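In: 3D model of this:
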Amino acid sequence: MNRHAVNDLIDCSLLRWYRRVSEWRSPVGATATGCVACRASDFAVFDRRGHWPHDLLHGLVETLDLVSLQLAIEVHEERHCANEYGRSTAPCEPCLRAARSTVAACAHRHAQDITDVVDECAMPRFAAYVEMNTNLALNAATRGEWAS
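Out: Numbers count the residues shown, from 1 in each chain. Below is the predicted model of the structure:
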């Protein structure tokens, strides 16, 4: 797969994720430490501070994992499958590592865009959501609705 095709694949995948971020409304439930897939992924590094809503980070991790798998299949077929009968949907570990490395490097070049999209599109809505829920909790506590 040539370099331009790889870049186009990653760019288009990131554009779809950017659109999801711009349409994001409120967080879904998550654990305090995030899910196992996000904790184990190298792609979670984009939320270094741990401030993003989990569903946004999870979507990015899923997007980059899927692109990595697609690229790994292409790399594996180019390296190991000389004819159409030798095609495989399960790439070997070296091809998977090479694909993840390529996707990580390309995504790293987009790091500022990724952060800007989250900061500009989702974080103001997230802050409003947190403020609204904080006010609801304070009002409930003030009225004695949470008395023990």
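In: so where is this structure shaky, pLDDT-wise?
Out: 1, 27-34, 82-89, 145-148 (pLDDT under 70).
In: now the host helix or strand of residue 133: buried residues?
Out: Using DSSP states H and E, residue 133 falls within helix 123-142. By neighbour count on 16 or more other Cβ atoms under 10 Å, the buried set for helix 123-142 is 123, 126. Backbone N, C-alpha and C define where each C-beta goes, glycine included.
In: just say helix, strand or coil for the residue positioned nearest the centre of the chain.
Out: Nearest to the mean C-alpha position of the chain, by Cα atoms, centre = their mean, lies residue 60 at 1.1 Å. Assigned with DSSP: H, G, I helix; E, B strand; the rest coil, residue 60 falls in the helix class.
In: distance-wise, check the nearest residue to it once chain neighbours are set aside relative to residue 130.
Out: Closest residue to residue 60 apart from its sequence neighbours, by Cβ to Cβ, 6 or more residues apart in numbering: residue 17 at 5.8 Å. Distance, residue 17 to residue 130, using Cβ to Cβ, to the nearest Å: 23 Å.
In: and for residue 106?
Out: Taking Cβ to Cβ, one finds residue 106 at 32 Å from residue 130.
In: next: residue 2.
Out: Counting by Cβ to Cβ, the gap from residue 2 to residue 130 is 45 Å.
In: which residue ranges of this structure form strands?
Out: Assigned by DSSP state E, the chain shows no strands.
In: now do the helices in it.
Out: Here the chain has its helices, by DSSP state H, at 3-23, 36-40, 54-80, 93-109, 111-117, 123-142.
In: among those helices, which is the most enclosed?
Out: Counting by mean count of other Cβ atoms under 10 Å, helix 54-80 has the highest mean neighbour count of the helices of the chain, with a mean of 19.
In: I'd like to know which elements it is packed against.
Out: If you count contacts as 3 or more Cβ pairs under 8 Å, 6 or more residues apart in numbering; DSSP states H and E, helix 54-80 packs onto helix 3-23, helix 36-40, helix 93-109.
In: which residues are contacting the longest one?
Out: Put plainly, it is helix 3-23. 56, 59-60, 63-64, 66-67, 70-71, 102-103, 106-107, 110, 113-114, 117-118, 121-122 (Cβ atoms under 8 Å, 6 or more residues apart in numbering).
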